[in-house]
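Engineer: my questions are about this predicted structure, shown below with the sequence.
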Amino acid sequence: LIGWEGATAHANAYFIHGTGLSRYYVGNLLTTSAIEALPSTRLYVLWLDQKLMDGKLAIRGGQLAADTEFIVSQTATLFMNSTFGWPAITGVNLPSGGPAYPIATPAIRAKYSPDDKFSLQVGLFDGDPAGANQPGPDPDPQRLDRTGTNFRTHDPALVIAEAAYAYNTDNDPKTLPGAVTLGGWQNYGRFDDLRVDAAGRSLTDPTSSGIARRLRGNAGIYGILDQTLYREAGKEDEGISAFIRASFSPTRSSLIDYYVDAGLAYRGLFEGRDSDTVGLSVAYAHISADARRADRDANVYSGLSMPVRKFETVYEATYQALVVPGFTVQPDVQYVVRPGAGIANPRDANGHRVKNAAVFGARATVQY
């Protein structure tokens, strides 16, 4: 508009209503819906992107979210559970849930794409978007940043970097396209030890100070494979695609130490429904050894027999139907095994763990 070449500005905001199934009913770590959040009117992202080197290099700065650019599987975006977008290993382990819906943070991202096959990107984010890792009476990040305008810049940094390679992208009917992504993250802040205090005593020991030992940093690595398994004859976008993601976070402050998800999506499965997509997926989050030891310590010192957290798994089946151009309806079924990784049910006087949960729902989307 003003003769400034190669630049794009973007902003969006959310008007969020209603209550969340995970927060109020299921109690799971792998949040049932990717749009679940506390009711609010909030700014999400606000950025300026400048392309350089004939479009091969893009520098983006402003208030950014990592979940739209990092650790993304294109096949997994079909599914409703939030873990198939921003995986639970980052959403649970990082302060404020990391820079992901519904909270973004000041950041800068550089992406280099010399061709349509290879890309390399790195992002520098404020490491605690809402201040949830700071002392205070209410640690809930969505309440700490109710409007998305905290714009925190003085917290230790979070760095995320990844490289991606796409192959067989020339639409040759004899080959099947796919993409491989490898990446990792490092948060330079301080985190609470999950089990012991500064003196090395169990936090549940009556002689403990009750103040967790502080640890430096939290890190993880991940890999993603997106692969087309079958393509219908004469069709470029109909067939079966699969994905698998795996991530490992070995630091002693990580509640989830490893995470895996996988799934299948078939577009055009039924005759006459070429734009519909059916999908099946599963995600598994494993609780770290220190967290499990902390649960056992609590049983020893209290004399009670409470559940020990181990893992949480979710299975999802979904069908995205194009009713008319621009309007889709998506029925969805999820089954959650060991919600909260097997936490005790606060309504059960005997301390039994929360039972498995079945979730049924549908989403309607209008694009215009």
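Structural biologist: Perfect, thanks for sending it. Not measured: the values here are computed from a predicted model. Numbers count the residues shown, from 1 in each chain.
Engineer: ok, and what's touching the longest helix anywhere in the chain?
Structural biologist: Longest helix in the chain by number of residues (criterion: DSSP state H): helix 289-302. Residues outside helix 289-302 that contact it (Cβ atoms under 8 Å, 6 or more residues apart in numbering): 193-195, 202-206, 252, 255, 257, 304-310. All C-beta spots, glycine's among them, are computed from the backbone N, C-alpha and C.
Engineer: and the helices in this protein?
Structural biologist: 21, 88-93, 141-144, 289-302.
Engineer: buried ones in stretch 82-99?
Structural biologist: Going by neighbour count (16 or more other Cβ atoms under 10 Å), the buried part of stretch 82-99 is 82-99.
Engineer: endpoints of it, how far apart?
Structural biologist: 14 Å (Cα to Cα, to the nearest Å).
Engineer: ok so, going back, can you select the buried ones from the contacts of helix 289-302 in PyMOL?
Structural biologist: In PyMOL, this line selects whichever of the contacts of helix 289-302 come out buried by 16+ other Cβ under 10 Å:
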select buried, resi 193+194+195+202+203+204+205+252+255+257+306+307+308+309
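Engineer: narrow the contacts of helix 289-302 to those in strands?
Structural biologist: Judged by DSSP state E, these include 193, 194, 195, 257 as members of strands.
Engineer: and the two most separated of these?
Structural biologist: Within the ones in strands among the contacts of helix 289-302, 193 and 257 form the most distant pair, 14.1 Å apart (Cβ to Cβ).
Engineer: just give me the neighbour total for residue 154.
Structural biologist: 7 (other Cβ atoms under 10 Å).
Engineer: can you give me the distance of it to residue 187?
Structural biologist: 15 Å (Cβ to Cβ, to the nearest Å).
Engineer: before we move on, what about residue 365?
Structural biologist: 33 Å.
Engineer: next: residue 330.
Structural biologist: From residue 330 to residue 187 the distance is 34 Å (Cβ to Cβ).
Engineer: which pLDDT value belongs to the residue lying closest to residue 254 once chain neighbours are set aside?
Structural biologist: Distance criterion Cβ to Cβ, 6 or more residues apart in numbering; nearest residue to residue 254, sequence neighbours excluded, is residue 93 at 4.7 Å. Listed pLDDT for residue 93 reads 95.
Engineer: next, the contact list for residue 257, please.
Structural biologist: Contacts of residue 257 by Cβ under 8 Å, 6+ apart are 248, 249, 250, 286, 287, 288, 289.
Engineer: what do you get if the cut-off is 6 Å, keeping everything else the same?
Structural biologist: Residue 257 is in contact with 249, 286, 288, counting by Cβ atoms under 6 Å, 6 or more residues apart in numbering.
Engineer: the residue lying closest to it once chain neighbours are set aside: neighbour count?
Structural biologist: Distances taken as Cβ to Cβ, 6+ apart place residue 288 nearest to residue 257, at 3.9 Å, with adjacent residues excluded. For residue 288, the neighbour count with other Cβ under 10 Å is 22.
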